[in-house]
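Participant: here's a sequence, model it:
(one chain, ligands or ions: 1)
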Amino acid sequence: MIQTIYYKDDAVYVLDQNQLPAKVHYEKCLTYQEIAVAIKELKVRGAPLIGVTAAFGMALAIQNFNNEKNLLAFYEEVESVMRSTRPTAVNLFWAIRRMRRVFETHLGLDQVELAKIMLREAQDMYEEDLRINIDMGEYGQTLLGSDSQVMTICNAGALATCGHGTALGVIRAAHARKHIQRVWACETRPVLQGSRLTIWELMEDKIPVTLITDNMAASVLRDKNITAVIAGADRIAANGDTANKIGTYGLAVLARQHGVPFYIAAPLSTIDMSISNGEEIPIEERNQDEVRMVRGTYITVPEVDVFNPAFDVTPHEFIDGIITEKGIIQAPYIKGLKAVFSEGGDV
Ligand code: MRU
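Facilitator: I've put the predicted structure just below:
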């Protein structure tokens, strides 16, 4: 299984996803600022991986702390740099909170010890994420019959996580049971996570996949006997409204129109119970050149004005189930999500 991030000899190495599928290259990050840039520039992407990467970045910050400033003030600065990288992916804020708890608990230790403990926490998060995805996959595959044809968008796979994937984890678990006839992957403009990453990852695993452009989704859903659409999530509000890669909302509406079930697969760390609905989810707007250009070449008039939201929000009414590591949550989500977070509450 491809490793998306690792720590070695005082540095964090991130798989540079901007270079995929042409090249498997790990970028060496020596500072938390380099980690923040890697997240911002999509070298590392996907909500769960963004969170874990930020955690590694914070451990790196403590490792490199040079006593020039007050440690607490320095740590707050690090947190604020991390927070500013990708505002929609709530796993980022979840990871920052988790690292803050570890930092505060061990604040009295000397710097080397503190850095070691924070690094261990980041590594634990990495390992936990893999286990979570495997559990999610096992639950999710129960929704898929034999001969499934699954449509997906963006990359919610091993590359977006610490292995196995969320939406692609469900597909992997179903494929292991020989239940996947074919995956239909939307290319996912503007930066093509579908065609560059999902296609690469599924083909590496020999899972049958067909690439389509985003504007083919409607006719494929009508004509190709698609049995489910599964997407990942960047943030799920308490009522089930879900932010995911731009285009997900459109797919959900199309799936409903064609009687195809639409599922979200996401870990509990993607659920934001502090917001009641999707209107409160901050949507990241990215550089206009992502739309004007493809792989460094202008494909339009360079001066054109562009709207480039990275995510959209799918209203919960269009979601037929939220697959988590604790089970599948069904509507009414407000009740199911609360239950899964309340003590002893299971789904
Ligand atoms: O902009 P990206 O590539 O970080 O967007 C990723 C997605 O939209 C994923 O579907 C989501 O983060 C879930 S990844 C398991």
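
Participant: name the residues that touch stretch 278-287?
Facilitator: 86-88, 235, 237, 239, 241-243, 272, 275, 307-316 (Cβ atoms under 8 Å, 6 or more residues apart in numbering). In short, each C-beta sits where N, CA and C put it, glycine included.

Participant: separate out the buried members of those residues.
Facilitator: Among the contacts of stretch 278-287, those that count as buried by neighbour count (16 or more other Cβ atoms under 10 Å) are 86-88, 235, 237, 239, 241-243, 272, 275, 308, 310-314, 316.

Participant: ok, whatever residue of the stretch 101-250 of the chain ends up closest to the ligand - how many residues close by?
Facilitator: Nearest residue of the stretch 101-250 of the chain to the ligand, counting by Cβ to the nearest ligand atom: G232, 2.8 Å away. By the criterion of other Cβ atoms under 10 Å, G232 has 29 neighbours.

Participant: which non-adjacent residue is nearest it?
Facilitator: A156 (2.7 Å; Cβ to Cβ, 6 or more residues apart in numbering).

Participant: ok, the residue of the chain positioned farthest from its centre to the ligand distance?
Facilitator: Going by Cα atoms, centre = their mean, the residue of the chain most distant from its centre is E68, 35.3 Å out. Between E68 and the ligand the computed distance is 33 Å (Cβ to the nearest ligand atom, to the nearest Å).

Participant: what about that residue, which SS state?
Facilitator: The local conformation at E68, judged by DSSP: H, G, I helix; E, B strand; the rest coil, is coil.

Participant: now it: phi and psi?
Facilitator: Backbone torsions of E68, given as degrees, to the nearest 10, read phi -70, psi -30.

Participant: go back to the buried ones among the contacts of stretch 278-287 and keep what's next to the ligand.
Facilitator: A310 (Cβ under 6 Å from any ligand atom).

Participant: next, the buried residues of the lengthiest helix in the chain.
Facilitator: Using DSSP state H to define each element, the chain has its longest helix at helix 111-141. Going by neighbour count (16+ other Cβ under 10 Å), the buried part of helix 111-141 is 114-115, 117-119, 121-123, 125-126, 128-130, 132-141.

Participant: who are the packing partners of that helix?
Facilitator: Judged by 3 or more Cβ pairs under 8 Å, 6 or more residues apart in numbering; DSSP states H and E, helix 111-141 is in contact with strand 5-8, helix 47-64, helix 90-105, helix 167-176, strand 262-265, strand 321-324, strand 327-329.

Participant: and the angle from it to helix 47-64?
Facilitator: Helix 111-141 runs at 170 degrees relative to helix 47-64, counting by axes from the mean of the first three to the mean of the last three Cα atoms, to 10 degrees.

Participant: so is helix 111-141 next to the ligand?
Facilitator: No. Using Cβ under 6 Å from any ligand atom, helix 111-141 stays clear of the ligand, with a minimum separation of 8.3 Å.

Participant: just put the helices and strands packed on helix 111-141 in JSON lines and tack on distance to K338.
Facilitator: Listed next are those as JSON lines, based on distance: least, Cβ to Cβ, whole Å:
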{"stretch": "strand 5-8", "distance to K338": "33"}
{"stretch": "helix 47-64", "distance to K338": "21"}
{"stretch": "helix 90-105", "distance to K338": "17"}
{"stretch": "helix 167-176", "distance to K338": "24"}
{"stretch": "strand 262-265", "distance to K338": "17"}
{"stretch": "strand 321-324", "distance to K338": "13"}
{"stretch": "strand 327-329", "distance to K338": "10"}
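
Participant: what would these look like in JSON lines with mean pLDDT, mean neighbour count and distance to V24?
Facilitator: Below are these laid out as JSON lines (pLDDT from 0 to 100; neighbours: other Cβ atoms under 10 Å; distance: least, Cβ to Cβ, whole Å):
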{"stretch": "strand 5-8", "mean pLDDT": "98", "mean neighbour count": "16", "distance to V24": "13"}
{"stretch": "helix 47-64", "mean pLDDT": "98", "mean neighbour count": "27", "distance to V24": "16"}
{"stretch": "helix 90-105", "mean pLDDT": "98", "mean neighbour count": "20", "distance to V24": "24"}
{"stretch": "helix 167-176", "mean pLDDT": "98", "mean neighbour count": "26", "distance to V24": "18"}
{"stretch": "strand 262-265", "mean pLDDT": "99", "mean neighbour count": "26", "distance to V24": "25"}
{"stretch": "strand 321-324", "mean pLDDT": "98", "mean neighbour count": "26", "distance to V24": "29"}
{"stretch": "strand 327-329", "mean pLDDT": "98", "mean neighbour count": "20", "distance to V24": "34"}
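
Participant: tell me the spacing between the nearest residue to L15 once chain neighbours are set aside and A115.
Facilitator: Closest residue to L15 apart from its sequence neighbours, by Cβ to Cβ, 6+ apart: T4 at 5.0 Å. T4 is 22 Å from A115, where distance means Cβ to Cβ, to the nearest Å.
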